[in-house]
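> no letters, just coordinates:
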C-alpha cells in the first residue's frame with residue numbers, strides 16, 4: 001500500500017473515530033437524545049413531527065396526543081433550537097418519514113444572531129447522522145472558520161469525556177419508556193405567578209432577522225414540494241413580552257399570506273383554563289400540568305384543521321401505545337414518591353402489578369410497632385421472620401424470602417440492572433442495584449420499589465419506630 005493511501009486511510013479512520021466519539025458524548029444532551037430516538041422509529045410511522053426548542057419537548061405531550069386522538073407524534077426538539085436547525089431537521093425527517101403534518105414552534109424567531117452559541121449547536125446538530133444535510137446544517141450554524149471542528153464534534157470530545165455514563169454507550173438506556181422516548185421531556189417544577197401574561201391578538205408587528213425569514217421561506221417551500229401540511233405554533237410561556245408578541249404578530253400574517261396554519265397558545269390561556277400558580281415550570285417553560293392543558297387544546301385544534309388518522313388499536317403503531325403505558329407508569333411512580341403517609345404508601349404498592357418490591361428488615365425491626373402494617377403488603381406476619389430478614393415480591397406474590405441461614409444472596413438481572421439482596425454473617429441487610437447499596441441508612445425497615453416496565457428504581461423509602469417515611 002502506498003504512503004499516500006495509508007495517510008488517506010488514517011485520516012478517514014481518525015475522522016470516523018472522532019465523529020463516533022462525538023456521538024457517544026452527545027448522549028448527555030437533550031436535542032441529541034431526541035435525534036437518536038428519531039432514528040430508532042419505524043420508517044413512515046410518524047404522522048406529525050413537532051420542531052423547535054425546549055418549549056416543544058417540555059410543552060407538547062405526545063403521549064396525551066396519542067391517548068386522546070390516536071395521533072402518532074414526535075417532538076424533534078432541542079434547547080434553543082434555531083429556525084435553521086429546525087429546517088435541517090425537517091430535511092432529515094423526510095429521509096425516514098412521510099409525515100402528514102410538520103409543526104414548527106416559533107420561539108426561535110427571537111434569535112437575532114446569525115450564529116447562536118456553540119453549546120446550542122452541539123445540542124441540536126451533533127447526533128444528526130453524517131450526510132450532506134448535516135454538513136449544510138453545521139455550515140450555516142457556526143462561523144465558517146469553526147466549521148470543521150463542529151462537524152467533527154471537537155467541542156464535545158475536548159472535555160466531555162469526564163461526564164461519560166452508561167447511557168452514552170447503551171442504546172437501550174433511556175429508550176422505551178424513558179423521558180426522551182418520542183421526544184417529550186416533562187418538567188415537574190412549579191413557579192407560582194400571580195397572573196397570566198397579558199397577550200392580545202392584533203399587536204404591532206416587527207420584522208424578524210433576514211436569516212429567520214430565509215428559513216421560514218425554506219420551510220414553506222419544502223412542505224409545498226412534498227405536499228405536507230405545515231403549521232406554525234407558539235407554545236405558551238410566562239415570560240412573553242411585547243417584543244416577542246410583535247414578532248409573532250408578523251409571523252401570523254406571514255402564515256396567512258402563505259396558507260400556513262398558525263396557533264399562538266399565549267392568546268388562549270383562559271380558554272385552556274391555565275393556572276398561573278401551577279402550570280409554569282418557570283418563565284420560559286410549561287411544567288407537566290401546563291403541557292397537558294396546552295396539548296389538549298392543541299390536539300383539538302389539529303384534528304379540526306388537519307386530516308389526521310387515529311391509529312389506536314393498530315398494531316403497526318403499538319410503540320406509541322407502549323410509550324403511553326410507560327408514560328402513565330412514570331406518572332404513578334411520581335405519585336408514589338410524593339406520598340409521605342406509610343399506610344397510604346403501602347396501599348398504593350398493593351394496587352400495582354408492575355413492581356418488584358423488596359422489603360428489608362434489620363435486626364431491630366421487631367421492636368417497631370408499624371412493621372405489622374407490612375402483613376397487608378406481603379401476606380405474611382413479618383414478626384415470624386428471622387432477626388434480620390427480607391421479602392422479595394413480584395405481581396403481589398412472594399418471589400423470595402430469607403432462609404434461616406445467617407448468610408444468603410438473592411439475585412436478579414434485568415436488561416438494565418443487576419439487583420441483589422444479601423445478609424452478612426453479622427446480620428447486616430443490603431439491597432444493591434448495579435452494585436450500589438440502596439439502604440445505607442439501615443433503618444428498621446427499607447422498601448425498594450423497582451418498576452419492571454421502565455426497568456428502573458421507582459422509589460426507596462425506610463421507616464423507624466415513628467412510622468415516618470424517610471427518603
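Cool, the structure landed. Note that the structure is a prediction, hence the values are computed from the model and not measured.

> could you pull out the helices for the stretch 151-300 of the chain?
Secondary structure of the stretch 151-300 of the chain by DSSP state H, counting those that start in this stretch: the helices cover 154-157, 166-169, 210-225, 242-257, 288-305.

> got phi/psi on residue 46?
Residue 46 adopts backbone torsions of phi -100, psi 130, taken as degrees, to the nearest 10.

> for it, give its distance to residue 62.
Note on residue 46: its distance to residue 62, by Cβ to Cβ, to the nearest Å, is 10 Å. Where C-beta positions appear, they are placed from N, C-alpha and C, glycine not excepted.

> excluding sequence neighbours, find me the nearest residue to residue 288.
residue 186 (4.1 Å; Cβ to Cβ, 6 or more residues apart in numbering).

> now do the contacts for that neighbour.
The contact partners of residue 186, by Cβ atoms under 8 Å, 6 or more residues apart in numbering, come to 58, 61, 179, 287-288, 291.

> repeat that for residue 80.
Residue 80 makes contacts with 53-54, 108, 111, 116-117, 120, 123-124, as judged by Cβ under 8 Å, 6+ apart.

> ok, residue 131 next?
Neighbours of residue 131 in contact, by Cβ under 8 Å, 6+ apart: 92, 95.

> so what pLDDT did it get?
pLDDT for residue 131: 93.

> just to revisit the earlier point, can you pick out the most distant pair from the contacts of residue 186?
In these, the most distant members under the criterion Cβ to Cβ are 179 and 287, with 13.8 Å between them.

> I'd say residue 281 and residue 187 touch.
Yes. Using Cβ atoms under 8 Å, residue 281 is in contact with residue 187, at 4.2 Å.

> compare those two (neighbour count), which wins?
Between residue 281 and residue 187, residue 281 has the larger neighbour count (other Cβ atoms under 10 Å), namely 23 against 20.

> quick check: that one vs residue 327, distance?
For residue 281, the distance to residue 327 - Cβ to Cβ - is 18 Å.

> in the stretch 351-471 of the chain, where is pLDDT below threshold?
Applying pLDDT under 70 to the stretch 351-471 of the chain flags the ranges 441-442.

> show me where it has strands.
355-361, 389-394, 397-401, 408-413, 418-423, 429-433, 436-437, 445-451, 456-463 (DSSP state E, counting those that start in this stretch).

> now tabulate those strands in a markdown table and tack on mean neighbour count.
A markdown table is the format used below for those (neighbours: other Cβ atoms under 10 Å):
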| stretch | mean neighbour count |
| --- | --- |
| strand 355-361 | 25 |
| strand 389-394 | 21 |
| strand 397-401 | 14 |
| strand 408-413 | 13 |
| strand 418-423 | 20 |
| strand 429-433 | 20 |
| strand 436-437 | 11 |
| strand 445-451 | 23 |
| strand 456-463 | 20 |
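
> thinking again about what came up before, of all the helices of the stretch 151-300 of the chain, which lies closest to residue 419?
helix 166-169 (15.5 Å).

> overlap in contacts, residue 281 and residue 187.
Common neighbours of residue 281 and residue 187, counting by Cβ under 8 Å, 6+ apart, are 58, 287.

> ok, the contacts of residue 186 vs residue 200, which is closest?
residue 291 (23.7 Å).

> for the closest one, give me its contacts.
58-61, 64, 184, 186.

> one more pass at 6 Å, please.
The contact partners of residue 291, by Cβ atoms under 6 Å, 6 or more residues apart in numbering, come to 59, 61.

> how close does it sit to residue 336?
Counting by Cβ to Cβ - residue 291 and residue 336 are separated by 21 Å.

> with residue 102 instead?
Counting by Cβ to Cβ - residue 102 and residue 336 are separated by 38 Å.

> more neighbours, those two?
residue 102 (25 against 20).

> so which elements touch the helix or strand encompassing the more buried one?
Under the criterion of DSSP states H and E, residue 102 resides in strand 101-105. Counting contacts by 3 or more Cβ pairs under 6 Å, 6 or more residues apart in numbering; DSSP states H and E, strand 101-105 packs against strand 48-52, strand 229-234.

> how about those strands, which one is nearest residue 456?
strand 48-52 (26.0 Å).

> report all helices and strands that that closest one contacts.
Going by 3+ Cβ pairs under 6 Å, 6+ apart, strand 48-52 lies up against strand 73-77, helix 83-96, strand 101-105.

> format those as JSON lines; extra columns: mean pLDDT and distance to residue 365.
Formatted as JSON lines, the helices and strands packed on strand 48-52 follow (pLDDT from 0 to 100; distance: least, Cβ to Cβ, whole Å):
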{"stretch": "strand 73-77", "mean pLDDT": "96", "distance to residue 365": "46"}
{"stretch": "helix 83-96", "mean pLDDT": "98", "distance to residue 365": "55"}
{"stretch": "strand 101-105", "mean pLDDT": "98", "distance to residue 365": "53"}
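
> between those, which one is closest to residue 232.
Set against residue 232 and scored by Cβ to Cβ, the helices and strands packed on strand 48-52 come closest in strand 101-105, at 5.5 Å.

> neighbouring strands - and their directions - for that closest one?
Strand 101-105 sits in its sheet next to strand 48-52 (parallel), strand 229-234 (parallel), going by DSSP bridges.

> what's in contact with that strand?
Under Cβ under 6 Å, 6+ apart, the answer for strand 101-105 is 48-52, 55-56, 86, 90, 223, 228-233, 235, 306.

> if we go to 7 Å?
47-53, 55-56, 86, 90, 219, 223, 228-235, 306, 308 (Cβ atoms under 7 Å, 6 or more residues apart in numbering).

> quick check: angle from it to strand 73-77?
Angle, strand 101-105 to strand 73-77, by axes from the mean of the first three to the mean of the last three Cα atoms, to 10 degrees: 40 degrees.

> domains for the protein, by residue range?
Following automatic domain parsing, the chain resolves into domains at 3-331, 342-463.

> how about a markdown table for the ones you listed, with distance to residue 470 added?
As requested, those are exported to a markdown table (distance: least, Cβ to Cβ, whole Å):
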| stretch | distance to residue 470 |
| --- | --- |
| domain 3-331 | 21 |
| domain 342-463 | 5 |
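
> pick the most buried one from the strands paired with strand 101-105.
Ranked by mean neighbour count, the strands paired with strand 101-105 are led by strand 48-52 with a mean of 26 (mean count of other Cβ atoms under 10 Å).

> now that strand and helix 288-305, what's the angle there?
130 degrees.

> what's the helix or strand immediately after strand 48-52 in the chain in contact with?
Moving toward the C-terminus from strand 48-52, the next helix or strand (DSSP H and E) is helix 54-59. Contacts to helix 54-59, defined as Cβ under 7 Å, 6+ apart, come from residues 30, 34, 50, 75, 77, 79, 105, 107, 183-187, 235, 237, 281, 285-286, 291, 294.
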